[in-house]
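Q: how would this look folded up:
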Amino acid sequence: MMRILLILLLLVLGPQGFAAESYLDVTAPTSGKMKLAVGPTTALSGAVPGDVARELPELFGFDLGIAGPFEIAPSEGAGALLLKSAYGVQGDTAILECRLVDQVLNKEIIAKRYSGRIKDLRRMGHAFSDEVLRVLTGEKGPFTGKIAYVSKASGNKEIYIMDYDGHNPQRLTNNGSINLYPDFAPSGKELIYTSYKKGNPDLYRRELFTGQEARLSSRSGLNAMGVFSQDGNKIALVLSKDGNSEIYQMSRDGKDLVRLTNNHAIDVSPAWSPDGSRIAFVSDRLGKPQLFVMDANGGNVRRLTTNGAYNVTPRWSPKGDRIVYSRKEGAFQIHAISPDGSGDTQLTSVGSNEHPRYSPDGRFIVFSSTRDGGEGLYLMRADGSGQTRISPDRAQNTHPTWSVNW
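A: You can find the predicted model right below:
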């Protein structure tokens, strides 16, 4: 039901093979940011609806403003770069044409034409923002990805999904029970989560486009904190079937169970490295929860964090160079650390902040925070800058996770 049938057509209108590095050298101001003006949306035919005329420029401004390399200019003449968009409708089909122009060199950098359902307009806009980042920085943006999260909007903890910027929230589960720990498959087309809907905390896999579900693990006790490996073939999870919370690995269909930890302490929160060779996790084997790293087969366990007495919920950067986690010192604050234990850096300082997850490209971290009262979802750049609320409502929203681009 959420499948987006989107036809993406590249217009061969501008120079090809444009080098991002040379462009940055030519146009970047002394502040290191490129000035980008977002022009008003014009009509391909007829008039542009007022909501579209307002929505699209706001969308481009938010996407590219939060990205970091750009300073959004207040008017067309103020920017070195100008983003132009034109909108039209043909029957039931919406057409969006977007162009990025270098106003200094009087050169068109990129132009694309999108065709899809009218309700897919924001998806089209985010797709162009992704392409702007790809052309100018060499790496495509993550803006067409989705964020799954846990919300109490219905009164119960259910799994929801939304656009990365908080728009278009949709409820996925509707069982009136407790649903926790969503995690996307690498394809972005399915997710796993833990639900108490049959009384026991069991692990389920749900296909997003069909809504079909399968119960993957229903062993006695906890079946929770499931996370896909980068290739999607394995799932690491926490089981307490033998009386103690330990980390296991199984195939994506719930078979071939292998125990990875075997300790009297509590071992939880597994997180795969991008290459699948290692797993970060949390253990209180030294008395207080700390982060550890082990080989994917359970061997070569070593302690990662040495500062702080309560460190939890690690997640690896897609590039493998950082691990983000939460540390409790009064309130929870988000930190990032290198896999060798160096460079531990605090990223948040306001409210209590938990459940950090990287975007698929590693540019951003999504997390939950109490800073505005209640518990909402926030977004920041990977260095901690640009912290912005993205919750779609004032309900309690937690446990976010970001999918690949759809």
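Q: which SS state does Ser269 fall under?
A: strand (DSSP: H, G, I helix; E, B strand; the rest coil).
Q: Tell me who's in contact with it.
A: Each residue near Ser269 by C-beta atoms under 8 Å, 6 or more residues apart in numbering is listed here: 225, 238, 281-282, 312-314. (C-beta placed from N, C-alpha, C; glycine too.)
Q: Okay, helices next: where are they in the stretch 101-250 of the chain?
A: In the stretch 101-250 of the chain, the helices defined using DSSP state H, counting those that start in this stretch lie at 121-137.
Q: Tabulate the contacts of Ser269 in a markdown table, adding columns for secondary structure and pLDDT.
A: Below are these laid out as a markdown table (DSSP: H, G, I helix; E, B strand; the rest coil; pLDDT from 0 to 100):
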| residue | secondary structure | pLDDT |
| --- | --- | --- |
| Met225 | strand | 98 |
| Val238 | strand | 98 |
| Phe281 | strand | 98 |
| Val282 | strand | 98 |
| Val312 | strand | 98 |
| Thr313 | strand | 98 |
| Pro314 | strand | 98 |
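Q: what about burial for those, which qualify?
A: By neighbour count, with 16 or more other C-beta atoms under 10 Å, the contacts of Ser269 hold 225, 238, 281-282, 312-314 as buried.
Q: need those in TSV with distance to Gly39, can you?
A: Shown next, in TSV, are the buried ones among the contacts of Ser269 (distance: C-beta to C-beta, whole Å):
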residue	distance to Gly39
Met225	46
Val238	51
Phe281	49
Val282	49
Val312	46
Thr313	42
Pro314	43
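Q: Report pLDDT for Asp102.
A: Note on Asp102: pLDDT of 95.
Q: Can you give me the distance of it to Gly39?
A: The gap separating Asp102 from Gly39 is 14 Å, by C-beta to C-beta, to the nearest Å.
Q: Which one of these two is surrounded by more residues?
A: Taking other C-beta atoms under 10 Å, Asp102 and Gly39 do not tie; Asp102 has more neighbours (20 against 17).
Q: What is the neighbour count of the closest residue to Asp231 other than its chain neighbours?
A: Once flanking residues are discounted, Asp231 sits nearest to Gly276: 6.4 Å by C-beta to C-beta, 6 or more residues apart in numbering. Gly276 is flanked by 13 other residues according to other C-beta under 10 Å.
Q: quick check, Gly276 in a helix?
A: No: according to three-state DSSP, Gly276 belongs to no helix; its state is coil.
Q: my guess is it meets Gly232, correct?
A: No: in this structure, Gly276 is not within contact of Gly232 by C-beta atoms under 8 Å, at 10.3 Å.
Q: contacting residues for Gly77?
A: Residues in contact with Gly77, defined by C-beta under 8 Å, 6+ apart, are 37, 103.
Q: any idea how far it lies from Lys107?
A: Gly77 is 17 Å from Lys107, by C-beta to C-beta.
Q: what's the answer for Gln212, then?
A: Counting by C-beta to C-beta - Gln212 and Lys107 are separated by 49 Å.
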